Structures are given as structure tokens and as C-alpha cells.
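Visitor: after the sequence you'll find the predicted model.
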Amino acid sequence: MIPIINTVKTMEKPKSFPEQEQSQPGKENAMQPKPEVIRDSYIGSDKLKGKVALISGGDSGIGRSVAVHFAREGAAVAIIYLEETKDAEDTRKMVEKEGGRCLLFKGDLSSFDFCESVVEECVSEFGQLNILVNNAAIQFPKNSAEEISESQFRKTFETNIFPYFYLVKCALKHLGEGDSIINTSSVTAYRGSEHLLDYSSTKGAIVSFTRSLAKMLAPDNIRVNGVAPGPIWTPLIPATFDDVSDFGQDTPMGRAGQPSEVGPSYVFLASEDASYITGQFIHVNGGEIIGS
């Protein structure tokens with residue numbers, strides 16, 4: 001008998017983007033074209049059934065994709081966002097469309113008290129917490145160190161790395177054996193970026209934070225891993241770069257990635273499929289070969 005091979009046509013990914021302007025943190029509902037959040041062909045298989053996930057920066061971009069993928073895999077999710085309520089509400093609708101429950105928390109993650117209240121409210125509502133995804137970030141492209149103010153440097157660190165520690169510290173009392181922490185770093189942590197000195201520095205700190213925390217929590221069987229995306233089409237891009245027309249074209253694959261191509265990495269790391277993986281990073285970057 002000749003086996004039947006089913007082929008699924010994937011959505012064609014854009015190689016160039018129209019010029020557009022936004023201010024930080026950026027609005028997904030204003031982007032052209034809209035990012036692909038999840039593939040229509042992605043079939044959930046209850047990999048995260050009965051789990052509860054807390055996702056920072058979950059209102060848009062990679063965070064939104066993670067939330068929707070988790071929901072399709074059976075998880076309840078809570079997302080934290082700064083101010084883009086329209087995007088956050090859209091994400092909640094997407095999660096609910098998948099049959100999942102979704103809590104929204106609006107506030108500033110650089111406040112430890114806010115992080116603590118979010119974790120406690122999430123656990124109070126859902127009764128548990130199994131997956132923490134640290135993902136929120138900002139960036140301010142500058143061409144020289146002289147252009148980076150002291151306040152900008154401090155704000156980048158207070159937004160991109162301090163909350164990772166705050167949320168972990170608050171979540172650990174609720175996490176148990178088999179649970180998971182996933183941190184979002186960046187390709188810039190490994191190859192650097194002449195335009196993103198402070199941002200790249202925080203992403204490098206996240207790598208070391210992840211590896212050290214993984215060793216600290218390994219005896220408790222709480223896994224800590226990360227994802228280091230390359231150029232992904234998210235609101236942060238038109239909100240921080242003047243020219244996005246050729247964004248991502250310098251990758252070996254010749255295009256930017258979509259959030260839908262990053263979200264499954266978080267599903268894998270959060271699921272039992274990754275039960276013997278900790279302290280590691282998945283590089284979703286269009287083919288750039290870098291050290292691990």
C-alpha cells in the first residue's frame with residue numbers, strides 16, 4: 001500500500017513591510033500587516049491541560065501568541081500589560097475563542113508590589129500557578145553610547161530584567177515539581193547590536209539569570225528555560241524603528257519571523273515533552289548560527 005501524505009499549505013510570510021509609525025509600547029491593532037498569532041493548521045493536543053500560566057507582555061506580539069497557543073493546548077492564562085487595553089482585550093477574546101479562561105492585569109512591572117499582587121490574584125482566581133513566562137520588554141535604538149541617557153539605561157534594565165526576578169520571587173511559593181519558568185531573551189544577547197546597547201545588555205543578563213536559576217531550582221524539579229527570538233514582526237518594531245521596510249531581510253531565510261513561529265517553542269518548553277531540559281535556550285531567528 002502506498003502511504004498517503006497529507007500536505008498543509010502554510011501562509012506566505014511577508015518579506016517587506018510598509019512604512020508606519022507608532023510610539024512605545026506599540027499597538028498590534030494598528031500594525032500593517034497584522035502579525036500572524038497562530039497558524040490555522042496548529043492542532044492542540046492538551047499538552048497543557050489543567051495548567052495555569054502567567055505571561056508578562058501578553059497583550060500583543062510574542063506574548064499574545066504564547067497565550068493563544070497555551071489556550072489551544074488547554075491552559076488557563078493570565079496576562080500582564082502596561083497600557084494597551086484594546087490589545088489586551090483582543091488577546092482575551094482570542095484565548096476565550098480557544099475555550100480558555102483569561103485574566104488581564106494592567107500595571108507597571110517595575111514595581112515589586114504590583115508583581116506580587118498580580119501573582120497572588122492569579123493564584124486566588126485560578127487556584128494554582130504552573131507556568132511563568134517572563135516576556136515584557138522595551139528598547140530604544142541609539143547609534144552611540146553618548147546618545148543613551150542615564151535615565152534611559154536605568155529604565156531599560158528596570159523594565160527588561162528586574163521584573164523577571166520580581167515575578168520569579170513571588171511565583172516560587174506557588175510553583176511545584178514539574179512546573180516551568182520560561183524567559184524571553186533575544187538574538188542580540190548572543191551577537192550584540194550596535195544600535196541596542198542597553199537592550200542587548202539586559203537580554204544577556206536574562207541568559208545568565210536563566211542558567212543560574214535553572215541550577216538553583218533543578219533539585220525542586222522546576223525547569224527554567226528560555227527563547228531567544230531573532231527579528232519577529234511585533235508592535236515593538238514599528239514603535240522603535242524609523243524604517244521597517246526591510247526588517248528581517250538580513251537573516252539567512254531572508255525575512256522576519258511571525259509570532260506564530262515563536263509561540264510553539266514556549267509550548268514545548270512548558271510541556272512534559274521538555275521534562276529533561278533546563279537551563280537551555282531555543283533560538284528562533286531565521287537561521288542565524290550563534291553560540292549557545
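Guide: Ah, there it is.
Visitor: I'd say residue 95 and residue 73 touch.
Guide: No: the criterion here is CB atoms under 8 Å, and residue 95 misses it with residue 73 at 11.5 Å. Glycine gets a C-beta too; all of them are placed from N, C-alpha and C.
Visitor: ranges for the strands of the stretch 51-200 of the chain?
Guide: Residue ranges of the strands in the stretch 51-200 of the chain, as given by DSSP state E, counting those that start in this stretch, are 52-56, 76-81, 102-106, 131-134, 180-184.
Visitor: what number of residues lie near residue 56?
Guide: Neighbours of residue 56 under the rule other CB atoms under 10 Å: 26.
Visitor: oh sorry, the question was meant for residue 33
Guide: When counting by other CB under 10 Å, one arrives at 11 neighbours for residue 33.
Visitor: next one: the one 5 residues further on
Guide: The burial count assigned to residue 38 is 22, neighbours taken as other CB under 10 Å.
Visitor: how close does the nearest residue to residue 75 once chain neighbours are set aside get to residue 256?
Guide: Closest residue to residue 75 in three dimensions, ignoring its sequence neighbours and counting by CB to CB, 6 or more residues apart in numbering: residue 48, at 3.9 Å. In this structure, residue 48 and residue 256 are 27 Å apart, going by CB to CB, to the nearest Å.
Visitor: and residue 169, by the same measure?
Guide: For residue 169, the distance to residue 256 equals 34 Å [CB to CB].
Visitor: compare those two and say which is more crowded by neighbours.
Guide: In this view residue 169 and residue 256 are compared by other CB under 10 Å, and residue 256 has more residues nearby, 26 against 13.
Visitor: looking at the chain, which helix or strand is least sure?
Guide: Taking mean pLDDT, DSSP states H and E as the measure, helix 236-240 is the helix or strand of the chain with the lowest mean score, a mean of 84.
Visitor: restricting to C-alpha, output that one in PDB.
Guide: Output for helix 236-240, consisting of C-alpha atoms alone and laid out as PDB, is shown next (Å, rounded to 0.1, in the frame of the first residue of the first chain):
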ATOM      1  CA  LEU A 236       7.800  46.800  19.300                       C
ATOM      2  CA  ILE A 237       9.300  47.000  15.800                       C
ATOM      3  CA  PRO A 238       7.200  49.900  14.200                       C
ATOM      4  CA  ALA A 239       7.200  51.600  17.600                       C
ATOM      5  CA  THR A 240      11.000  51.800  17.900                       C
END
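Visitor: can you list the residues that contact it?
Guide: Among residues not part of helix 236-240, those counted as contacts by CB atoms under 8 Å, 6 or more residues apart in numbering are 17, 20-26, 31, 61, 137-141, 231, 244, 247, 256.
Visitor: and the next element down the chain from it?
Guide: Note on helix 236-240: by DSSP states H and E, the next helix or strand toward the C-terminus is helix 263-270.
Visitor: next, the angle strand 52-56 makes with that following helix.
Guide: Here helix 263-270 runs at 130 degrees with respect to strand 52-56, directions being taken by axes from the mean of the first three to the mean of the last three CA atoms, to 10 degrees.
Visitor: who does helix 263-270 touch, helix- and strand-wise?
Guide: In this structure, helix 263-270 packs against helix 61-72, strand 131-134, strand 180-184, strand 223-229, strand 281-284, with contacts taken as 3 or more CB pairs under 8 Å, 6 or more residues apart in numbering; DSSP states H and E.
Visitor: again, only this time at 6 Å
Guide: Judged by 3 or more CB pairs under 6 Å, 6 or more residues apart in numbering; DSSP states H and E, helix 263-270 is in contact with helix 61-72, strand 180-184.
Visitor: dump the C-alpha coordinates for the longest one into PDB.
Guide: So the one you mean is helix 61-72. Once side chains and other backbone atoms are set aside, the C-alpha atoms of helix 61-72 remain, and they are given as PDB (Å, rounded to 0.1, in the frame of the first residue of the first chain):
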ATOM      1  CA  GLY A  61       3.300  40.200  19.800                       C
ATOM      2  CA  ILE A  62       5.100  37.100  21.100                       C
ATOM      3  CA  GLY A  63       3.200  37.200  24.400                       C
ATOM      4  CA  ARG A  64      -0.100  37.200  22.700                       C
ATOM      5  CA  SER A  65       1.000  34.200  20.600                       C
ATOM      6  CA  VAL A  66       2.100  32.300  23.600                       C
ATOM      7  CA  ALA A  67      -1.200  33.000  25.400                       C
ATOM      8  CA  VAL A  68      -3.300  31.700  22.400                       C
ATOM      9  CA  HIS A  69      -1.000  28.700  21.900                       C
ATOM     10  CA  PHE A  70      -1.300  27.800  25.600                       C
ATOM     11  CA  ALA A  71      -5.100  28.200  25.500                       C
ATOM     12  CA  ARG A  72      -5.300  25.900  22.400                       C
END
